[in-house]
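S.K.: how would this look folded up:
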Amino acid sequence: MERDSEAKMYQEFFRHRFHQNFTAVDPSLGPLVLSICLEDEENKLRVILRLNECSLHGTFSISLFPQLPTAVELAKMLCSNVSVSTFEVVSYLKAPELITTFDEHRMSQNFKFGVLYQKEGQLTEEDILSNNEESEEFKDFLSILGQTVKLRGFLGFRGGLDVSHGQTGSEAVFTSFHGREVMFHVATKLPFTDGDAQQLQRKRHIGNDIVAVVYQEGHTPFICDVISSHFLHCFIAVRRVKRENGADGGDGGAFQVSITAREDVPPFGPPLPSPPIFSEGSVFREFLLTKLINAEISCYKAERFSRLELRTRSSLLEALRSELSSRSQCMVGEPVQTGAPLSEGTRGATEGGGGFIENFKRAIRVRSHSFDTLGGTKKAGGAGTPKQRVISEHIILSHTNIFVFVECFLVP
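M.R.: Reported below is the predicted structural model:
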């Protein structure tokens, strides 16, 4: 499983050791939050500098310095553009909790993925989303993904599904995987609306997922951009095949996997074997769920999502700096500076409200709203149907270069 090592750096190397935190506002860089830890056993300093764009981490041998460097000196060693002349010391006792919340805000223990069911001869979004009946073959595949659960009263991660009134269907597929909860938006289990060719109730969930599995029956290829969505950045196509010799598959049945993602999605593991054939069982499940989770993590680095992430991070960093500064002033008995309207974070600190945590929740809600504004459908009257070319037996990619990162093998 891919891991965000930067997000866990403070938790692993600072939080449970004696360390010092500092804040500042740089004229050009904006809010800064600095953490310094002296590791006596290894005779080195470990430093994290948080900026709007990223966090910088470094370790420095104490032998390099005639005397311990200042916070400003260490910050400039990580980023030469730092121009502040002083940092404020953070004395708030719960600062490590707030800093950890900020550092790990990108990490998620919960994931949701779409599951599309494509039958032989189905080439359009309308065809695929109109499927209601599930074949035994498809049901067997769903049982590999997870277990079918009743939504009403469900207490696990619901992935945006209604667990009170049945407005998103009565069942879903759910699993726990290496400490993570995963909910699958299975198109055939979402509400079907008679007379609605677009099946907007199903599209509402599938189209807002970032990664989707396409289970294919037959030999009809899947057209990657047939599902119009600003969110979907990766498809993993799975198809039942038979090994010629029937080896490792009991009755000869196995699964063939092909993967495609938009051009700005970085590659992600684990790599497909050659040929990309998996027997039924734990090996296939481990690979597929790991690939799905890593795919979503990688998709967030694509341009569309990274811009939203940068805005969210900037908002949260300013809220964190403000909270740490104001609560530290309160700790030492200094009045909170006046003369300008208090930020929400500062107001929370002085009035006993949620402070940074409330700012954190607000920023995440704003990011979710920003995601929603991206999720419109394609406008009619566009440039026409793009030309297509066959990349594998089962996936067709468009010449528009929307989806170009391909991981697949042709199987004779």
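
S.K.: For the stretch 201-350 of the chain, give me the ranges with low pLDDT.
M.R.: Applying pLDDT under 70 to the stretch 201-350 of the chain flags residues 243-252, 280, 336-350.

S.K.: Now do the strands in it.
M.R.: 211-216, 222-223, 234-242, 253-262, 277-279 (DSSP state E, counting those that start in this stretch).

S.K.: can you put these in TSV and add mean neighbour count?
M.R.: The way it works is simple: take the backbone N, C-alpha and C, and place the C-beta from them, glycine included. Formatted as TSV, the strands of the stretch 201-350 of the chain follow (neighbours: other CB atoms under 10 Å):
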stretch	mean neighbour count
strand 211-216	25
strand 222-223	22
strand 234-242	21
strand 253-262	22
strand 277-279	19
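
S.K.: Can you pull the phi/psi pair for the residue nearest to Gly207 when sequence neighbours are not counted?
M.R.: Of all residues beyond its chain neighbours, the one nearest Gly207 is Ser229 (4.1 Å), with distances taken as CB to CB, 6 or more residues apart in numbering. Here is the backbone geometry of Ser229 (degrees, to the nearest 10): phi -160, psi 140.

S.K.: in this protein, which helix has the most residues?
M.R.: helix 303-331 (DSSP state H).

S.K.: quick one: buried residues of that helix?
M.R.: Applying a neighbour-count criterion of 16 or more other CB atoms under 10 Å, one finds 304-305, 308, 312-329 buried in helix 303-331.

S.K.: got the angle for it vs strand 253-262?
M.R.: Helix 303-331 runs at 70 degrees relative to strand 253-262, counting by axes from the mean of the first three to the mean of the last three CA atoms, to 10 degrees.

S.K.: Remind me what helix 303-331 packs against, helices and strands.
M.R.: strand 19-26, strand 30-39, strand 88-89, helix 95-103, helix 344-351, helix 356-374 (3 or more CB pairs under 8 Å, 6 or more residues apart in numbering; DSSP states H and E).

S.K.: Least confident of those, on average?
M.R.: Confidence, taken as mean pLDDT, is least for helix 344-351 of the helices and strands packed on helix 303-331 (a mean of 37).

S.K.: Pull out the buried residues from stretch 287-301.
M.R.: Neighbour-count burial for stretch 287-301 flags 287-300 (criterion: 16+ other CB under 10 Å).

S.K.: now, which of the residues you listed sits nearest Gly253?
M.R.: Among the buried residues of stretch 287-301, Leu288 lies closest to Gly253 (CB to CB), at 15.6 Å.

S.K.: So the closest one versus Val182, what's the distance?
M.R.: 11 Å (CB to CB, to the nearest Å).

S.K.: same thing with Phe111?
M.R.: Noted for Phe111: a distance of 5 Å to Val182, by CB to CB.

S.K.: Common neighbours of these two, please.
M.R.: Leu292, Ile293 (CB atoms under 8 Å, 6 or more residues apart in numbering).

S.K.: about what we covered before: of the buried residues of stretch 287-301, which belong to helices?
M.R.: Taking DSSP H, the ones among the buried residues of stretch 287-301 that sit in helices are 287-299.

S.K.: Including distance to Lys189, could these go into TSV?
M.R.: Listed next are those as TSV, based on distance: CB to CB, whole Å:
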residue	distance to Lys189
Phe287	24
Leu288	19
Leu289	19
Thr290	24
Lys291	22
Leu292	18
Ile293	21
Asn294	25
Ala295	22
Glu296	21
Ile297	26
Ser298	27
Cys299	24
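
S.K.: Out of the residues you listed, which comes closest to Ile144?
M.R.: Leu288 (7.5 Å).

S.K.: any idea which helix or strand carries Leu56?
M.R.: According to DSSP states H and E, Leu56 maps onto strand 55-61.

S.K.: Tell me what angle that strand forms with helix 303-331.
M.R.: Using the same axes, to 10 degrees, strand 55-61 lies at 60 degrees relative to helix 303-331.

S.K.: pLDDT at Glu393, what is it?
M.R.: Here the pLDDT value assigned to Glu393 is 42.

S.K.: make that Lys378, sorry
M.R.: pLDDT, read off for Lys378, is 40.

S.K.: try Arg389
M.R.: pLDDT, Arg389: 32.

S.K.: just to revisit the earlier point, same for the strand holding Leu56, what does it pack against?
M.R.: Secondary elements touching strand 55-61 (3+ CB pairs under 8 Å, 6+ apart): helix 5-13, strand 44-50, helix 71-78.

S.K.: in that strand, what counts as buried?
M.R.: Neighbour count says strand 55-61 has Ser55, Leu56, His57, Phe60 buried, by 16+ other CB under 10 Å.

S.K.: now do stretch 155-167
M.R.: Phe157, Arg158, Gly159, Leu161, Val163.

S.K.: Which members of those are positioned in helices?
M.R.: Among the buried residues of stretch 155-167, no member falls in helices (DSSP H).
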